[in-house]
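[1] Prediction below, plus the sequence it came from.
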Amino acid sequence: MPFKIMSLTDAAAERITEIIEDSEKPVVGLRVGIKNAGCAGVSYTMDYVEAPIAGDDHVEDHGVHVWVDPKATMYLLGTVMDFEQSKMGSSFTFKNPNQTGACGCGESVTLAAADLKALAEARAGA
């Protein structure tokens, strides 16, 4: 069984499905990546996918399609994407084992490339 780059919680899958259904354009899923931003280094990006981009990594989880920018793949391995709601608002969150730090305001994170050896060992022990 191949290793999934990232996975989705039920809440994230439900929200992505709502976004797709509410879109004014035909949308087949979301594209996740990272960009240089904020005081901690990078922030996550999300965009509509009208048509998959050649070379993107594809994840299908809970019937939802997510494409990952290949420049972000090594930083997102093992990530769980969630959607959280509170009295103050709602947002997608990323539980990323490659995160080594975050800024105080939560707008950016510090990521290290995934340790492929540790992932392989963890997978072999599972």
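    Sure thing, it's come through. On a predicted model such as this, the values are computed, not experimentally measured, just so you know.
[2] Distance from the chain centre to the longest helix seen in the chain, please.
    Criterion DSSP state H: the longest helix present in the chain is helix 10-22. Helix 10-22 sits 14 Å away from the centroid of its parent chain (Cα atoms, centre = their mean, to the nearest Å).
[3] Stretch 78-93 now?
    Relative to its chain's centre, stretch 78-93 lies at 11 Å (Cα atoms, centre = their mean).
[4] Show me what counts as buried in that stretch.
    Buried residues in stretch 78-93, counted by 16 or more other Cβ atoms under 10 Å: 78-79, 81-83, 92-93. Quick note: C-beta positions are derived from backbone N, CA and C, even for glycine.
[5] Now flag whichever of the residues you listed is closest to residue 47.
    Using Cβ to Cβ, residue 92 comes nearest to residue 47 of those, at 12.4 Å.
[6] contacting residues around residue 4?
    59, 61 (Cβ atoms under 8 Å, 6 or more residues apart in numbering).
[7] So it versus residue 31, what's the distance?
    Distance from residue 4 to residue 31, counting by Cβ to Cβ, to the nearest Å: 16 Å.
[8] try residue 59
    Counting by Cβ to Cβ, the gap from residue 59 to residue 31 is 11 Å.
[9] quick one: which of the two has more around it?
    Higher neighbour count among residue 59 and residue 31: residue 59, with 21 against 18, using other Cβ atoms under 10 Å.
[10] Can you tell me the SS state at that one?
    strand (DSSP: H, G, I helix; E, B strand; the rest coil).
[11] That one and residue 66 touch, don't they?
    Yes - using Cβ atoms under 8 Å, residue 59 makes contact with residue 66 at a distance of 4.6 Å.
[12] okay, and the common contacts of the two?
    Joint contacts of residue 59 and residue 66 (Cβ under 8 Å, 6+ apart) are 6, 8.
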